[in-house]
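In: Structural data only, the sequence is not supplied:
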DNA sequence: TATGCTATTGATACTTCTTGCAATAAGGAT
DNA sequence: ATCCTTATTGCAAGAAGTATCAATAGCATA
């Protein structure tokens, strides 16, 4: 049984359906322990779901992000990557060389509280992308 | 004289060149007091630089962002927008309806210091994008 | 287990953005 | 003022991502 099946109840609870395509995509995200582009997900997932199209992968990843199962992160240069929310960390990215550092959530917790209170937004629990210059690119 | 000319020295100092295309794009960003997509910038800037191509606008905006003159912000749904760094604020975006709220830098200042110290990164002074659910979409 | 509603998919066309390369032109040096 | 180096542009092809719509297939219900 695919390790994506654990998300079936969560999806049903919101009135949506589990499909072989979604299972395969969840399986890929679960198996690869890192963030991936939509195209990378597509290349892996199509092996288990032959008819799979890119459009479906893009739509599914967006769907998973909207439902809090996956999260989308912009890693510089406009690339959009996805990963399961289970990871629960943030990214600090060098805008010149693209180097990526993961940040724990703890330092951001109080900021989240403050902003949630002042704006009424419920902030996504799990992801922020910060940009800057890494030590090597600060010349 | 175009109001983009004030950036000439800054660009020369880094060994790059000022061109009519860059002047026009800077002028547009300066004149429109809000963030714009590359295509919106293109539509406006081509009026003063007839031969202008979309590719040049994309490259120029990326160039300005790399050099700290403009900043790129992802406002949900994958749209990338640009604005001059002078604005110096952050964005909180609803990942469902796309509603955007501007946030002052002050609440993030101490976070920036902490992260800078622990990672060695020099964080971009001016921009973070946070995602969440706005009050209306929290159903 | 069979039925019906509708969420989801695949196919296609389209929009948005990127890349490679030859031609052009900015601006420092003579 | 002219020359030279090379950053920058325009062009064109291509990659990445989105929208539309008819056909398919989950799954709730009976």
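Out: Nice, thanks for sending it over. Note that this is a predicted model, so its numbers are computed, not measured. Numbers count the residues shown, from 1 in each chain, chains lettered A, B, ... in the order given.

In: Spatially, and excluding backbone neighbours, which residue is closest to residue A:32.
Out: Excluding its sequence neighbours, the residue lying closest to residue A:32 (Cβ to Cβ, 6 or more residues apart in numbering or on different chains) is residue A:44, at 7.2 Å. (Each C-beta comes from the backbone N, C-alpha and C, glycine too.)

In: is it true that the one you found lies in a strand?
Out: No. Counting by DSSP: H, G, I helix; E, B strand; the rest coil, residue A:44 is located in no strand; its state is helix.

In: That one: neighbour count?
Out: By other Cβ atoms under 10 Å in any protein chain shown, the residues close to residue A:44 number 18.

In: do you know how far it is from chain B?
Out: For residue A:44, the distance to chain B equals 21 Å [Cβ to the nearest Cβ, to the nearest Å].

In: hang on, residue A:41 packs against residue A:82?
Out: Yes. At 6.8 Å, residue A:41 counts as touching residue A:82 under the criterion of Cβ atoms under 8 Å.

In: and for these two, which residues touch both?
Out: The contact sets of residue A:41 and residue A:82 overlap at A:29, A:61 (Cβ atoms under 8 Å, 6 or more residues apart in numbering or on different chains).

In: Residue A:86 should be in a helix, yeah?
Out: Yes. The assignment for residue A:86 (three-state DSSP) places it in a helix.

In: what number of residues lie near it?
Out: Here the number of neighbours of residue A:86 (other Cβ under 10 Å) works out to 12.

In: what residues are up against it?
Out: Listed by Cβ under 8 Å, 6+ apart, the contact set of residue A:86 is empty.

In: how much space is there between the residue nearest to residue A:32 and residue A:96?
Out: To residue A:96, residue A:44 is 30 Å away according to Cβ to Cβ, to the nearest Å.
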